[in-house]
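S.K.: Got a predicted structure here, sequence first:
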Number of protein chains: 2
Amino acid sequence: MSLKINTPPPHGGKLVDAVIRDKDKAISMAVGAIPYDLKATRDPVSGLPIRNVYREIMSIAYGFFSPLDRFMTRNEVESVLKERRLLDGWLFPFPIIFDISEDDLKKLSVKEGDRLLLRLKGQPFAILNVEEIWNFDPKDLADRTFGTPERNPEVVKRKFDEKHPGWLIYRSMTGIALAGKVYVINEPVFKDPYNRFWYPPARSREEMQRRGWRTVIAHQTRNVPHTGHEHLMKNAAYLGDIEPCHGILVNAIIGAKRLGDFIDEAILEGHEALNKYGYISPKRHIVTFTLWDMRYGNPLESLLHGIIRQNMGCTHHMFGRDHAAVGDYYDPYATQILWEKGIPSFGLNAPPYDLDKGLKIRPVNIKEFWYCPKCGEIAYSDTCAHTDIAQRFSGSFIRGLIAEGIEPPPIIFRPEVYRVIVKWWRVYGYPFVNKKYLELKERELEADVPPMDVPMKR
Amino acid sequence: MSLKINTPPPHGGKLVDAVIRDKDKAISMAVGAIPYDLKATRDPVSGLPIRNVYREIMSIAYGFFSPLDRFMTRNEVESVLKERRLLDGWLFPFPIIFDISEDDLKKLSVKEGDRLLLRLKGQPFAILNVEEIWNFDPKDLADRTFGTPERNPEVVKRKFDEKHPGWLIYRSMTGIALAGKVYVINEPVFKDPYNRFWYPPARSREEMQRRGWRTVIAHQTRNVPHTGHEHLMKNAAYLGDIEPCHGILVNAIIGAKRLGDFIDEAILEGHEALNKYGYISPKRHIVTFTLWDMRYGNPLESLLHGIIRQNMGCTHHMFGRDHAAVGDYYDPYATQILWEKGIPSFGLNAPPYDLDKGLKIRPVNIKEFWYCPKCGEIAYSDTCAHTDIAQRFSGSFIRGLIAEGIEPPPIIFRPEVYRVIVKWWRVYGYPFVNKKYLELKERELEADVPPMDVPMKR
C-alpha cells in the first residue's frame, strides 16, 4: 500500500479550456453571431442583483467546472436533478442554466443552431452555440435543486423559500433556457486586487508543481478570516498523507453577495494578510478565487467545491460545520454526511469518492474551533474538554463589533486582517456589502473587458 | 477507493499470547525446570542497572512484540541484523537476546533442550525453553545493531560508543545467549500507578472497540509532557482518514532510564493529567505503557514502536524530530527518512508499509512546535513564519528550571502536569532519575510477583 497521495486528475479526466486566445479565430466565431448583452438576474422583490451569468461562463470556460463545458439541456438538467450527474455520467450538483427573458428571445428571434455573441460591459465576451431552447418552471426547478424535507429527509430540515439566496436565484430565472457550448472569445482583465488571485485550474496546477506541493488542502471561504477560520485552515491542513498537506489553497467564492456579507476585496486580501504577516507561512498558503454566485446548497455546494478544487489540483478539501450554509434549511452537518456516507435521496448512494465517475478529492471533515481560556488558545471541540467555559466564535458578533467601529480583540481577529477591512471600508464607505456596493459591483464586476471589434461580415 | 481506515491486524497476523493463566498448567511447566534468578544488565563502568530482561519477557509474552514469541537464535539475530526481519520474514528491528554469564551457565549446567524456570523477585515468573545456546561478540553485535557511519551513511552520523545507552546495553551483554520460546507462568501484579495504565495489545484493542475508535494515533513518550509535546499529540492527531483520528494512544516506554530523565510514575501521571484536566479530552486520549529498556535506536526504535502500537491496535503513529534519539549519532530526521523512503543499508529498501511482511500502521511525520509570541500560541514550524522570534522548546532548559524549584511558565508547562512532578519529587526526594532511583527501581521494578509454589517433582 503506497500511502503517498498525488495531484488528482481533473474531474472527468481533462480540464475544459474554452478560452479562444487566437484573435482571428475569436473574431471569426463572433462574425454573424447574434449580439446579446448579458444582464443580471435580479431579486423580483428588491430588484437587487443576485447573479450574473458571466461568472458561470468564466468558470465553465476556464475549466473550474470541468468536465462541464456548456449550459445544460433539459435532459442534462433532469439528469442532474435526479442523480446529480451530467449526461456523460460525471457527478455534478447544480443545474447550470443560461436563461433569457421571453422579450429578449423574441427580440433576438434566436433559434436552435444559432450562435449568440454574448457581450459584457458593452464588449464582445463569449459565444454561446444555441443547441437547444427549452422551458422550465423556475419554482419547481428551485425546489428540485435544493431538495425538500419530504424528499430529502436525511439532510433537508425545512422547506426552501425566497429567504434562501440560492433558491431565490433559480426561482428568479425566466423559465426559458438556451443550452449549448460556450466559449470566452475576449478574455476579461481582472481589476486590482482580483488579478493577483486569479489561478484558473491549469495555472493553479502549474503553481502547485512549481512549489513542489504533493498534497494540497482546499479551504472554501466567503469570509474575512477570524482566528477560528485561521485555525480551521491550519489544523485541517495536518491531514495529508504521511505528513501534513504541503499546501493550503484558499479559494474564495466571488460573486453576488447578501447584504451584510464581507466585501469581496477584503475577503481576498484578508486571507492574504494571514500569509503576508506570517500566521500561515506563504510557503504553504495561496489565496485564489472562483467566480460563482453562491447557491448556499450546503452538501450540494460542497460537491461543487470538491469539483472546483479537484480541478485546481487539490488532494484534500476541508469541510466544517454549516458548510456553505445559510439559515437552517439543511442539517448543520449535511456536508459531512455527504462525504461520510452519501445522501441517497439525491442519488448519491455513497460518498463522492466511492462513486463511479465520482471525485478523487478527499474530504477532511472537521468540527468546531473555539477559544478556551483554560487551554489559553483556539482549541478544537473534539480535543478541548472545557466545554463549559469555551467561547464559541460568532460571525455576527464579530461583524457587530466591526460595524460599530470596534476592533475585535486579537485573540479572535488578527490586527493585520482587521486593517484590510478598514482599508476597504474607506473605499466603499461601509465595511460590509450594502445595496450601494451590490449595484456598484454589478456595474463594475470583477473585471474589465478589453475593446474588440467584430466586423459585421467577414 | 474507500478512504476509511480501520484497526490493522497485529504484526504477523496474530497476537502472541504466551501468558499461562491456568495455574495447573503453569505449575506443570515449572516442575523440573532449572531455576534461575533474573538479574539486571549493568553498566560495566558505573555498575548501574541499564536493563532487566524481565521487561522483554513481558513484552514478548503479552504480545507487544508479536509475532516474536521467543528469544532469538543466532540465525534469527543474523537475519535481523542483515535485513531487520525475523526468520519468518516479518520486519523486526532489534536482536532480542537472553544472555547469561559463563559462571551461571556452568553453575546451572544448562544445555539445549532444557527448560529454565526464570524467577523474578524470588518468585517463579517465566519459562524459557532453551532451544539453542550460542555465543556472540557483544561489541560487534552492538555495532551491527545500531549501524555505523560507513555502512549506514543515510542516517548514521557518528560512531556509536558507551555514551549511547542502547549501544551500551548490547555492549554490556555477556556474549552467551539462550534462545527459545518464553512463557509467563505467574503474572506480575503492577504497582500503583502502573496498574491503571497496563493495556497489553489484546486489552488495548478491546478498549478501542469499546470506545468506538476507528482510527487511533500512537504517541511515543519518555517524558512528562510540556506544551510542545501536548501540541504534537493534539495536532498530529488531525491526521486520520476522512476526519481526525478518533483516539490518541500515549504509550510510554517504561524501563531502565538515564540519569536526569523524568521519573516513570510522573511520565504516566503527567500524561494522564492532560486528559484529567481537559487539555485533551479523555474521550479521545488514553495513557498506556510498554515495558522496554529503551535502545534509543531512532529509526530502528521507531520500527519497534510501529510494531508495538500496531499490535495495540493503532492505525497511525506520529514521528517527530529526534524520535527516540539521544546525542547526535543519527540524523535528527532519521526516523522520518525511514518512514518516507526506507533505509536500504539496513535492508529496508522502502518504507515499512511498502515492504512485504511490513507494517500496516501509518506514519505521521511531523516537524517542530514552538511558542510564537506573534501568533500568541504554540505554533507549527511549517505553518508559522515568524522564525526569528519563535521560541523553541528546550527539554534541558525546562528540566533546569524544575531542578531549581522554579515552576515553568504555563505556556510551556501545564500547572497540573507540574503538580504531578512535585508529587513524585516528594516521594523520591528528587524530580529526576538519579542513582538512588535507578537502584530502587531495579530492586522494586514496576510489579510484584505473587508467591507461587513449585513442587520439586509432580
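M.R.: The structure has been received and is ready for your questions. Numbers count the residues shown, from 1 in each chain, chains lettered A, B, ... in the order given.
S.K.: only C-alpha atoms for contact and neighbour calcs from this point on.
M.R.: Noted.
S.K.: need the strands for the stretch 201-350 of chain A, in chain order.
M.R.: A:216-221, A:247-254, A:285-291, A:316-319 (DSSP state E, counting those that start in this stretch).
S.K.: Most tightly packed of these?
M.R.: Mean neighbour count (mean count of other CA atoms under 10 Å in any protein chain shown) peaks for strand A:316-319 among the strands of the stretch 201-350 of chain A, with a mean of 28.
S.K.: Pairing partners for that strand, with directions?
M.R.: Partner strands and pairing direction for strand A:316-319 (DSSP bridges) are strand A:216-221 (parallel), strand A:362-365 (parallel).
S.K.: With mean pLDDT added, can I get those strands in JSON lines?
M.R.: Shown next, in JSON lines, are the strands paired with strand A:316-319 (pLDDT from 0 to 100):
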{"stretch": "strand A:216-221", "mean pLDDT": "98"}
{"stretch": "strand A:362-365", "mean pLDDT": "96"}
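S.K.: Make TSV out of those and add distance to B:Cys314.
M.R.: Putting the strands paired with strand A:316-319 into TSV (distance: least, CA to CA, whole Å) gives the following:
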stretch	distance to B:Cys314
strand A:216-221	25
strand A:362-365	20
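S.K.: quick one: low-confidence ranges for the stretch 1-150 of chain A?
M.R.: Flagging of the stretch 1-150 of chain A using pLDDT under 70 yields the residue ranges A:1.
S.K.: can you list the residues of chain A near chain B?
M.R.: Contacts of chain A with chain B, taken as CA under 8 Å from any CA of the partner chain, map to A:1-3, A:234-236, A:238-244, A:278-282, A:284, A:340, A:353-354, A:362-366, A:375, A:377, A:382-386.
S.K.: mind listing the helices for the stretch 351-458 of chain A?
M.R.: A:395-403, A:415-428, A:435-444 (DSSP state H, counting those that start in this stretch).
S.K.: what do you get for the stretch 201-350 of chain A?
M.R.: Using DSSP H, counting those that start in this stretch, helices in the stretch 201-350 of chain A cover A:201-211, A:227-236, A:264-276, A:299-311, A:334-341.
S.K.: Using CSV, write out every CA atom in stretch A:174-186.
M.R.: The C-alpha trace of stretch A:174-186 is given here as CSV (Å, rounded to 0.1, in the frame of the first residue of the first chain):
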residue,chain,number,x,y,z
THR,A,174,-37.0,33.5,-16.6
GLY,A,175,-38.1,29.9,-17.3
ILE,A,176,-36.5,30.0,-20.8
ALA,A,177,-33.2,28.3,-21.2
LEU,A,178,-30.6,28.4,-24.1
ALA,A,179,-28.4,25.3,-23.9
GLY,A,180,-25.1,24.7,-25.6
LYS,A,181,-21.4,25.1,-25.6
VAL,A,182,-19.9,28.3,-24.5
TYR,A,183,-16.6,30.0,-25.3
VAL,A,184,-14.8,33.0,-24.0
ILE,A,185,-13.5,34.9,-27.1
ASN,A,186,-12.3,38.0,-25.3
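S.K.: Run the chain-centre distance for that stretch.
M.R.: 19 Å (CA atoms, centre = their mean, to the nearest Å).
S.K.: residues making contact with it?
M.R.: A:18-21, A:23, A:26-27, A:57-58, A:60-61, A:69-73, A:97-102, A:124-138, A:449-450, A:452 (CA atoms under 8 Å, 6 or more residues apart in numbering or on different chains).
S.K.: again, only this time at 6 Å
M.R.: A:18-20, A:26, A:61, A:69-73, A:98-101, A:125-138 (CA atoms under 6 Å, 6 or more residues apart in numbering or on different chains).
S.K.: and chain A, what are its domains?
M.R.: A:23-188, A:194-442 (automatic domain parsing).
S.K.: start to end distance for the shortest one?
M.R.: Which is domain A:23-188. Domain A:23-188 has an end-to-end distance of 14 Å (criterion: CA to CA, to the nearest Å).
S.K.: Any idea how far that domain is from the middle of the chain?
M.R.: Worked out by CA atoms, centre = their mean, domain A:23-188 lies 15 Å from the chain centre.
S.K.: circling back: helices - which of the contacts of stretch A:174-186 land there?
M.R.: Taking DSSP state H, the ones among the contacts of stretch A:174-186 that sit in helices are A:26, A:61, A:138.
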